[in-house]
Every structure is written in C-alpha cells, then in structure tokens.
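1. the following block contains a protein sequence and its predicted model.
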Amino acid sequence: MMQLPHELRDTVVEQLDEYLESQNGTPDAEALAAFVVELLGTASEDLKIDDADDIVLKLETSGELEASLLELLEEHFESSEDTEFAAEDILSLIEKVCDVEWTTKDDEDAEDEDEDEDPDGFFDEMGGGDDDDDM
C-alpha cells in the first residue's frame, strides 16, 4: 500500500475536472491517460512530495501492475468510451489498482507521535491480555 497526502488527491481532482470540462465531448482515451499520468507527476512535484519524480513508478509497484499505469488507464478509457469521465472516478480507479491510501497531515502527525511514544516496540510485545491467567 502506498500512502500519499490527501492534498495531492484534491489537487489532481481539481485540475482533472478543469481538463475534462475543457474537452468537447468524450476526450481521446490516449490523451486523457497521458494527461492523468503527467498530472500525477507535476502535482507531486508542485507539492514537494518525496520521490515525486518517481511517483508513477511507485504507484505501479504498489499496485503490482503488469502493465504501465499509462497503458492500464488507456485500456480502461478505451473500453469506457461511451461513458462520461469524472475526475473522482478516475482517482478511485487509481486508488483501487495502485493500492493507494490518502492521508491528511493529522494522520501523519498521529503516526509520528505513536512511533515516538514507543520507539523500540516494547509495549507492542507486552500485549496479549490476561487470557492465560484465568486458568
């Protein structure tokens, strides 16, 4: 699973909505797929996400895709030519096939705090409860 900031999702949805609205009719599947892949990269760079230049490769690895994300999107868009595309639907597809989880800044801070409270995992090993003591 790959975790990405929710801010990236919001940015991609917003810019993808603008792109889709500017298209007359159903956009070309190949052009739309290329735009989505490029948008993921540029939005990641704009938001200064770690390893932004490899974001698409990391998404492909996370989803264990057999083909590139570009090819997968092209196939999906070509098979859905009669369908009107929505940015939310496209992002949902990416979330599903690339196994993406969107995090907020609060989520990241909570994870950091959890790690700081028990850095060596001592309390993790103490779990298990009192089930054995009741005999």
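-> Good, I have the coordinates.
2. S79 versus V13, what's the distance?
-> Counting by C-beta to C-beta, to the nearest Å, the gap from V13 to S79 is 22 Å. Bear in mind the C-beta positions are built from the backbone N, C-alpha and C, glycine included.
3. for the nearest residue to G63 once chain neighbours are set aside, give me the pLDDT.
-> Computed as C-beta to C-beta, 6 or more residues apart in numbering, the closest residue to G63 that is not its neighbour in sequence is C98, at 3.7 Å. You'll see C98 listed with a pLDDT of 93.
4. same deal with the one 4 residues further on?
-> Among the per-residue scores, W102 holds a pLDDT of 92.
5. again with L93
-> We have a pLDDT of 93 for L93.
6. tell me who's in contact with K58.
-> Contact partners of K58, counting by C-beta atoms under 8 Å, 6 or more residues apart in numbering, are M2, D51.
7. next, the buried residues of the helix or strand hosting it.
-> If you go by DSSP states H and E, K58 is part of helix 55-62. Applying a neighbour-count criterion of 16 or more other C-beta atoms under 10 Å, one finds I55, V56, K58, L59, E60, S62 buried in helix 55-62.
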